[in-house]
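Chemist: how would this look folded up:
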Amino acid sequence: MVTIGGQPAPKGTEVVAKIDGVERGRITVEEAGKYGSPGPLGEKLAVRGTAADEGKTVVFEVGGVQANETVVFYPRDFREVNLTVSGTPQPPQDTTPPVVVSTDPADDATNVPVNKTLTVTFSEDVQEGPAYDAISLKDANNAAIAVTKSIADKVLTIRPNANLAYNTKYTVTIPAGAVKDLAGNALAEVYSFSFTTQAAPAPAPGPAPAPAPTPAPAPAPAPAPGPGPAPAPAPAPPADKVEKPIQVGATTVAEISGRVKVEVPAGAVTGANAAIKAEVVGDEKAAGAGMPLLSKVVDITLKNGTLTGKITIILYFDKTKLGKDQDPAAFYYDEKAGRWVRLPGVVDADKGTVTVTVDRLAMFAVFGVSKEAARPEVVTFKDMASHWAEETVGKLADMGVISGYEDGTFRPDNEISRAEITAILVRALKLPAGSEQDLLKFKDRASIPDWARGVVAAAAKEGLVRGYPQPDGTVTFEPGRPVSRAEMAALVVRILEKKIGPVVPAELKFADAASIPDWAKSSVGAAVAKGIVVGYPDNTFRPQKRVTRAEAAAMILRMLEAIGSK
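Modeler: All right, here's what the predicted structure looks like:
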């Protein structure tokens, strides 16, 4: 609970935790009088101190006013603290303007239907701004096209009042101030994107006219030689390369229609004036792969920048080239080794795509691999030697369920997000990709990255992920949110019981068993009974600790062994 002058703190009030005057955690009151939640899906106020902070006092501020209560910081401690303040809090302020996170069609898309409805998705809910009427759609001659505009939640919809012209480039311009968020912060910078419509369909041939007799022409002097009629221009070939400047604070999307789509999250690239490039190249290197090539070979590079995070690549393949005993698989070309290396990926057979998430730049392609030989080669990671999870991680990598980083590391102590753990579980359970219909339950579905949409939809369809209830009755997925050990136990037990039926929970004998939330005790007990979770050397479970990549791998492999899915 959190109260101000004896009254529940209003929704939107900021609660901040500080150590030595430095902010170490922040949370927003989502329901009057409450901050955080003890439930499995509720957000917690995480105080991120260091070992050097142990024993120091944590001070809380509610709406900018110091609370009467304090606590002493201990790493991995978990407790409930009711906060009270006597003063008048500062009203919560939102000063962050909205930004564009995606458009449909994507910038520089080709072969766009002439009756296409255009959409622009922002980072938060928006409304009409002072420059709303200046939003425009123009053709290559800068002629304005009549449109109807509307806004619903985060999405701006632009509907041309008539079909667009064939084989024509159009540009959408959204000026600064065209939209604003619910706090009144306006779009700070102009945003524009372009696309080209599809070529006109060939006219159906009609009957040839009957020949008519013509009189013999009178002799005439031969005309002077001169230039003949200009040949009709050849239709423009499909675009085979694209270059997109890296956007600051937003996802950058580079797409070659029907070939590849590259998504670069905010912060994944460093460097001024950086740009992501994708280009269809020759398939000479694919000839020696010993596998049928199902897609174009696409070379993905960076200009003026360095890749410091992960990017998502969606590769399109030709389903007609796939043999009945083959599966599509994504590969990258290792220039040093001179060979193609398989990547873990999510296949959408209906769309003919394979989605991979990588931290490397290389040539990528989709090949057909035999179902019997569908597993990638055994992978070893140079930072896993003598690690307690070395064998576990190796097994899952061999199964194609998890992968490491370009530098040959696995980084076992890194935290893992909800989208990442969902993708791993869907691959482990061999679930088919879901549909957009399965994502409708999540209010924040627009924030789920393209590479994860199919796997999140698959998990939602199976009832494996449920989301976070919101005060307005909606549910959010929150793809980038870390996963706690208590949440992970609940998730794997949910899967386990779907596969083998109810599990009788074991008695919880952890030293910190009292700190395990009530909602998670049964799941943790069931996970203990099946050997899926174990404690730390000091006999603690640490339910609120964020799951690491190594811990996630261990729980997933034990789950697979328990249900016989390995």
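Chemist: Give me the below-cutoff pLDDT ranges for the stretch 351-500 of the chain.
Modeler: Residues of the stretch 351-500 of the chain that meet the criterion pLDDT under 70 lie in 372-380, 406.
Chemist: Moving C-terminal from the helix or strand harbouring Val455, which element do we reach first?
Modeler: Assigned by DSSP states H and E, Val455 falls within helix 450-461. Where DSSP H and E defines the elements, the next helix or strand beyond helix 450-461 is strand 468-469.
Chemist: if we can go back for a sec, helices and strands around the helix holding Val455, which ones?
Modeler: Under the contact definition 3 or more Cβ pairs under 8 Å, 6 or more residues apart in numbering; DSSP states H and E, helix 450-461 sits against strand 260-264, strand 311-316, strand 346-348, strand 353-358, helix 418-429. (C-beta placed from N, C-alpha, C; glycine too.)
Chemist: how about Val179, phi and psi?
Modeler: With angles defined as degrees, to the nearest 10, Val179 sits at phi -130, psi 160.
Chemist: Apart from its neighbours in sequence, what residue is nearest it?
Modeler: Val126 (4.2 Å; Cβ to Cβ, 6 or more residues apart in numbering).
Chemist: Assess the claim that the one you found and Pro98 are in contact.
Modeler: Yes: the criterion here is Cβ atoms under 8 Å, and Val126 meets it with Pro98 at 5.2 Å.
Chemist: Quick check: neighbours shared by the two?
Modeler: Shared contacts of Val126 and Pro98, defined by Cβ atoms under 8 Å, 6 or more residues apart in numbering, comprise Val179, Lys180, Asp181, Leu187.
Chemist: In these, find the pair that's most separated.
Modeler: Across the shared contacts of Val126 and Pro98, no pair lies farther apart than Asp181 and Leu187, at 8.9 Å, counting by Cβ to Cβ.
Chemist: Quickly list what's touching both of the two.
Modeler: Counting by Cβ under 8 Å, 6+ apart, the contacts common to Asp181 and Leu187 are Pro97, Pro98, Val126.
Chemist: Need those residues in a markdown table (columns: pLDDT).
Modeler: Output for these, formatted as a markdown table (pLDDT from 0 to 100):
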| residue | pLDDT |
| --- | --- |
| Pro97 | 88 |
| Pro98 | 91 |
| Val126 | 91 |
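Chemist: Which ones among those residues map onto strands?
Modeler: Judged by DSSP state E, strands contain the following of the shared contacts of Asp181 and Leu187: Val126.
Chemist: Asp438: neighbouring residues, count only.
Modeler: Other residues within reach of Asp438, judged by other Cβ atoms under 10 Å, total 19.
Chemist: For the closest residue to it other than its chain neighbours, which residues are in contact?
Modeler: Spatial nearest neighbour of Asp438, excluding adjacent residues (Cβ to Cβ, 6+ apart): Ala457 at 3.8 Å. The contact partners of Ala457, by Cβ under 8 Å, 6+ apart, come to Ala433, Gly434, Ser435, Glu436, Gln437, Asp438, Leu439.
Chemist: and if we set it to 7 Å?
Modeler: Shown in contact with Ala457 (Cβ atoms under 7 Å, 6 or more residues apart in numbering): Ala433, Gly434, Ser435, Glu436, Asp438, Leu439.
Chemist: Could you check how far Ala329 is from Ala186?
Modeler: Relative to Ala186, Ala329 is positioned 46 Å away (Cβ to Cβ, to the nearest Å).
Chemist: The two - which one has more neighbours?
Modeler: Ala329 (24 against 16).
Chemist: Touching, that one and Val369? I think so.
Modeler: Yes: with contacts counted by Cβ atoms under 7 Å, Ala329 reaches Val369, the gap being 4.8 Å.
Chemist: can you give me the strands in the stretch 301-450 of the chain?
Modeler: Using DSSP state E, counting those that start in this stretch, the strands found in the stretch 301-450 of the chain span residues 306-307, 311-316, 326-334, 339-342, 346-348, 353-358, 363-370.
Chemist: Quick check: can you name the pairing partners of the longest one and their directions?
Modeler: It refers to strand 326-334. strand 339-342 (antiparallel), strand 363-370 (antiparallel) (DSSP bridges).
Chemist: One more: the fifth one?
Modeler: The strands beside strand 346-348 in its sheet (DSSP bridges) come out as strand 353-358 (antiparallel).
Chemist: Stretch 391-410 spans what distance, first to last residue?
Modeler: 13 Å (Cα to Cα, to the nearest Å).
Chemist: buried set for that stretch?
Modeler: 392-397, 399-404, 410 (16 or more other Cβ atoms under 10 Å).
Chemist: where along the stretch 51-200 of the chain do the strands fall?
Modeler: Using DSSP E, counting those that start in this stretch, strands in the stretch 51-200 of the chain cover 57-62, 65-72, 83-85, 100-104, 109-112, 118-122, 126-128, 136-139, 147-152, 155-160, 169-174, 179-181, 191-197.
Chemist: Looking at those, spot the one closest to Glu335.
Modeler: The nearest among the strands of the stretch 51-200 of the chain, by Cβ to Cβ, is strand 109-112 at 29.6 Å.
Chemist: for the closest one, what is the average pLDDT?
Modeler: Mean pLDDT, computed over strand 109-112, is 90.
Chemist: For that strand, list the C-alpha coordinates in CSV.
Modeler: Included here for strand 109-112 are C-alpha records, laid out as CSV according to Å, rounded to 0.1, in the frame of the first residue of the first chain:
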residue,chain,number,x,y,z
ALA,A,109,8.3,-1.4,-50.1
THR,A,110,7.5,-2.5,-53.6
ASN,A,111,4.6,-4.3,-55.3
VAL,A,112,2.1,-2.6,-52.9
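Chemist: residues contacting Met1?
Modeler: Counting by Cβ under 7 Å, 6+ apart, Met1 has contacts Gly33, Lys34, Asn82.
Chemist: Just give the number of residues close to the second one.
Modeler: Around Lys34 there are 15 other residues, counting by other Cβ under 10 Å.
Chemist: Would you quantify the distance from the nearest residue to it once chain neighbours are set aside to Ile135?
Modeler: Counting by Cβ to Cβ, 6+ apart, Lys34 lies nearest to Met1, which is 6.5 Å off, once chain neighbours are set aside. According to Cβ to Cβ, Met1 stands 45 Å off from Ile135.
Chemist: ok, now Tyr316?
Modeler: Applying Cβ to Cβ to Tyr316 and Ile135 gives a distance of 31 Å.
Chemist: now do Ala9
Modeler: Ala9 is 39 Å from Ile135, by Cβ to Cβ.
Chemist: The two - which one has more neighbours?
Modeler: Neighbours per residue (other Cβ under 10 Å) separate Ala9 from Ile135, with Ala9 holding more: 25 against 20.
Chemist: Can you pull the phi/psi pair for that one?
Modeler: Per degrees, to the nearest 10, the backbone of Ala9 is at phi -60, psi 130.
Chemist: Use 51 as the first number from now on
Modeler: Understood, numbering begins at 51; the last thing we discussed is Ala59.
Chemist: one step back: just want the angle from the helix holding Val505 to strand 150-154.
Modeler: Helix 500-511 runs at 80 degrees relative to strand 150-154, counting by axes from the mean of the first three to the mean of the last three Cα atoms, to 10 degrees.
Chemist: CA atoms only: put helix 500-511 into PDB for me.
Modeler: Taking Å, rounded to 0.1, in the frame of the first residue of the first chain, the C-alpha atoms of helix 500-511 are listed here in PDB:
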ATOM      1  CA  ASP A 500       8.100  -9.300 -35.900                       C
ATOM      2  CA  TRP A 501      10.500 -12.100 -35.100                       C
ATOM      3  CA  ALA A 502       8.600 -13.000 -31.900                       C
ATOM      4  CA  ARG A 503       5.000 -12.500 -33.200                       C
ATOM      5  CA  GLY A 504       4.600 -16.000 -34.500                       C
ATOM      6  CA  VAL A 505       6.100 -17.700 -31.400                       C
ATOM      7  CA  VAL A 506       4.100 -15.500 -28.900                       C
ATOM      8  CA  ALA A 507       0.900 -16.200 -30.900                       C
ATOM      9  CA  ALA A 508       1.700 -19.900 -30.800                       C
ATOM     10  CA  ALA A 509       2.300 -19.800 -27.000                       C
ATOM     11  CA  ALA A 510      -0.900 -17.800 -26.400                       C
ATOM     12  CA  LYS A 511      -2.900 -20.200 -28.600                       C
END
